[in-house]
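# Compute the structure for the input listed below.
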Amino acid sequence: MAAPLSELTRMPDPKRVYAADGTRIATYTWGEFDDPVVVIVHGFASNARDNWVLTGWIRKLTLAGYRVLAIDQRGHGVSDKPHEPESYAIRTLAADVETVMDQYLVEDAFYIGYSLGARVGWEVVRDLPQRIHRAVLGGVPDGIPLERLDIEQVRAFIEDGVPVQDSATLNYIALTERVPGNDLRSLLALAEGMRLTRTVDPDPTNAPTQPILFATGAKDSVIEGSRALADAAPNGHFFAVPDRHHFNTPGSRAFKDAALEFLAE
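Numbers count the residues shown, from 1 in each chain. Now for the predicted structure:
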């Protein structure tokens, strides 16, 4: 008999890890302690449950014999949500993941990230070549992070209720409102923090050397940037997820199957 949906989507109680600046990061684990570990990190305005549990990734990974370690990135889920842009530099987000791995005593792992989680993953994988052997980076865009978001319009909307006119920014706000518990002020701070340096990130001239599967929806507007990053990585591989755009790619069975096949190589 198939397990009821409520069982398949039930979240374990979060365990909180303190980042270097005192921010509390919510973490979750599934699977057997001695199984190979997959560190899995969600996208912007999402969380571990939304990105990985509701889409079937956790079930798929644990059935394949992996232990899964997931986090709610700062500003998301039940992690702390600072409102200061300086709390969200890309190096800070990457350091959060590395701190969680250290706290869980994870010495060897695979990495799966989507969108923002993939952008952070590029840094983590590059930082830890001896600890992360393979990675799957889904829907990872190149260029300036969240460049299409009109920060001033979002700030005016939050502070004075001024209607947002920019269509791309409206899409970001709708994305934020889709997931219960999101805090628009913290996600605005995240956008500001990631754009402070005005540098291209990920940097294709300094790519990780481990085998990496870049998987992006065939209908995703960032696909060419993702393909370029795959070409820049010495051991990069590219998979276009059929018939998917940026927001529905995580639910794709083809994406999951390609990722599991890649991790098993």
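# Every contact and neighbour count from this point should use C-alpha atoms.
Will do.
# And the pLDDT at residue 4?
For residue 4, the model assigns a pLDDT of 53.
# what's the answer for residue 204, then?
Residue 204 is given a pLDDT of 89.
# Helices along the stretch 51-200 of the chain, start to end?
57-63, 90-103, 116-127, 151-160, 167-178, 184-195 (DSSP state H, counting those that start in this stretch).
# which element follows the last one toward the C-terminus?
By that I understand helix 184-195. Moving toward the C-terminus from helix 184-195, the next helix or strand (DSSP states H and E) is strand 212-217.
# Output that following strand in PDB, but only the C-alpha positions, please.
Taking C-alpha atoms only, strand 212-217 is exported to PDB below (Å, rounded to 0.1, in the frame of the first residue of the first chain):
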ATOM      1  CA  ILE A 212      29.100  18.800 -12.000                       C
ATOM      2  CA  LEU A 213      25.800  18.300 -13.700                       C
ATOM      3  CA  PHE A 214      24.200  21.600 -14.800                       C
ATOM      4  CA  ALA A 215      20.500  20.900 -15.200                       C
ATOM      5  CA  THR A 216      18.200  23.700 -16.500                       C
ATOM      6  CA  GLY A 217      14.700  23.700 -17.900                       C
END
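# quick one: average pLDDT of that strand?
Computed over strand 212-217, the average pLDDT equals 98.
# What does residue 10 show for phi and psi?
phi -70, psi 130 (degrees, to the nearest 10).
# Next, find the distance separating it from residue 62.
As judged by CA to CA, to the nearest Å, residue 10 and residue 62 stand 14 Å apart.
# Looking at these two, which one has more neighbours?
Higher neighbour count among residue 10 and residue 62: residue 62, with 18 against 11, using other CA atoms under 10 Å.
# quick one: contacts for that one?
Residue 62 is in contact with 30, 31, 68, counting by CA atoms under 8 Å, 6 or more residues apart in numbering.
# Strands - which of the residues you listed land there?
Among these, the members found in strands (DSSP state E) are 30, 68.
# what about the closest residue to residue 86 other than its chain neighbours, neighbour count?
Using CA to CA, 6 or more residues apart in numbering and skipping the chain neighbours, the partner closest in space to residue 86 is residue 193 (5.4 Å). By the criterion of other CA under 10 Å, residue 193 has 19 neighbours.
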